[in-house]
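[1] take this sequence and fold it.
(3 chains)
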Amino acid sequence: MQKKKKPTVETIEVCPECGSKNLRMDYDRGELICEDCGLVIDDTFIDEGPEWRSFDSSQAEKRARTGAPMNYAIHDKGLSTEISWRNTDSYGNAIPSKNRAQMYRLRRWQKRIRISNAAERNLAYALGELERIAASMGLPRNVRENAAMLYRKAVEGNLIRGRSIEAVVAATLYASCRQLNVPRTLDEIAAATRVGKKDIGRTYRFISSSLQLRLMPTRPQDYVSRFCSELKLSGKVQMETMRILDEAAHKELTSGRGPTGVAAAAIYIASITMNERRTQREVADVAGVTEVTIRNRYKELIKNLGISIDY
DNA sequence: AAGACGAAAGTGGTTGA
DNA sequence: TCAACAACTTTCGTCTT
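    Numbering: from 1, shown residues only, chains lettered A, B, ... in the order given. The predicted model follows:
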């Protein structure tokens, strides 16, 4: 019954950057992180199976709940019965031909009951899309489930009418990412869907105000670890960046500014002061802003924080 | 030659009358 | 609903390494 798992990121044991074996899986953010240098080794690992794992029977007992786990990402929350298409019984034996017709009728009814009307069908389609997009972006499971919940609420509130399903799915994903502090930019979401950034933004605003999501504006800090690892910067740079951003936030240099731009500028500064220099273009590409924005932000930062940069 | 700099004009979104 | 506005982008010429 248990199929052999194909090798995943969990088979990586040594940090390719510093050789440390001190790796940690951050399930909340969906990242595999080196504890020593801070490198995010892989943020696109595929999660298989339930959201928890047990390593021995006592843990399994503590963590297991009765019945199947609720899964909001499946349109009937994963609680319905599934009938396999195989003509075998649960022991793997072939079902006698005289029962085949009966099985066929059972399956047909099962389908009709499960996906009975247009609303259900749309929900099933939407959640399939959600899963596809989230998977291609490497978003962790909790973000997907959260997004699925938001989508259900949107359906209940009749917020879908007049909007494309994919736009709403993208918007809920975006909202979910922000709620759980694993922000992705609108650009990134737009790149993974067939919906324009404009549409997603509009739909997002509509949904979040209708559902009263009260989301804080994204903080630059939330982007740092992802950007830094994409730039292959060490944990030292990351920490320095955080320090700069904290100070900047304290002096109100971040409000009103685009968080990605501020994050990019702080990373740029930290990369120089920590002797791991990256060009403005490199940082700009990763952060999805232009060099000009980085220049503007970083001039503000070094002026107001009294950081001197000597080459 | 690549990177950094800065000016100027253009874009899309927010705000307030 | 519209215009003002700030943030950000694009483009381009110039300077620095």
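[2] show me what secondary structure element comes after the one helix or strand A:G261 maps to.
    Per DSSP states H and E: A:G261 is located in helix A:259-273. Next helix or strand after helix A:259-273 toward the C-terminus (DSSP H and E): helix A:280-287.
[3] buried ones in stretch A:152-171?
    For stretch A:152-171, burial by neighbour count (16 or more other Cβ atoms under 10 Å) applies to A:152, A:154-155, A:159-160, A:163, A:165-171. Where C-beta positions appear, they are placed from N, C-alpha and C, glycine not excepted.
[4] in helices only, show me these.
    Judged by DSSP state H, the buried residues of stretch A:152-171 include A:R152, A:A154, A:V155, A:I165, A:E166, A:A167, A:V168, A:V169, A:A170, A:A171 as members of helices.
[5] so which of those is the closest to A:I189?
    Nearest to A:I189 among those is A:A170, at 5.3 Å by Cβ to Cβ.
[6] I figured that closest one hits A:V195, correct?
    Yes. Using Cβ atoms under 8 Å, A:A170 is in contact with A:V195, at 5.2 Å.
[7] still on that earlier bit, nearest to A:A287 among the buried residues of stretch A:152-171?
    A:A170 (20.6 Å).
[8] tell me which parts of chain A are close to DNA strand B?
    A:197-198, A:201-202, A:205, A:277, A:279-281, A:291-292, A:295, A:299 (Cβ under 7 Å from any atom of the strand).
[9] in contact with the residue in the stretch 51-200 of chain A positioned nearest to DNA strand B, which residues?
    Nearest residue of the stretch 51-200 of chain A to DNA strand B (Cβ to the nearest atom of the strand) works out as A:K198 at 4.0 Å. By Cβ atoms under 8 Å, 6 or more residues apart in numbering, the contact set of A:K198 is empty.
[10] DNA strand C versus that one, what's the distance?
    Plainly put, A:K198 is 14 Å away from DNA strand C if you go by Cβ to the nearest atom of the strand, to the nearest Å.
[11] name the helix or strand for that residue, please.
    Using DSSP H and E, A:K198 falls in helix A:197-210.
[12] domains of chain A?
    A:9-42, A:71-82+A:98-216, A:221-305 (automatic domain parsing).
[13] how about a markdown table for these, with mean pLDDT added?
    Shown next, in a markdown table, are the domains of chain A (pLDDT from 0 to 100):
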| stretch | mean pLDDT |
| --- | --- |
| domain A:9-42 | 62 |
| domain A:71-82+A:98-216 | 79 |
| domain A:221-305 | 89 |
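[14] looking at the ones you listed, which is buried most?
    domain A:221-305 (a mean of 19; mean count of other Cβ atoms under 10 Å).
[15] what's near enough to touch the residue nearest to A:I165 when sequence neighbours are not counted?
    Leaving aside its chain neighbours, A:I165 sits nearest to A:A126 (4.9 Å; criterion: Cβ to Cβ, 6 or more residues apart in numbering). Listed by Cβ under 8 Å, 6+ apart, the contact set of A:A126 reads A:Y151, A:I165, A:V168, A:V169.
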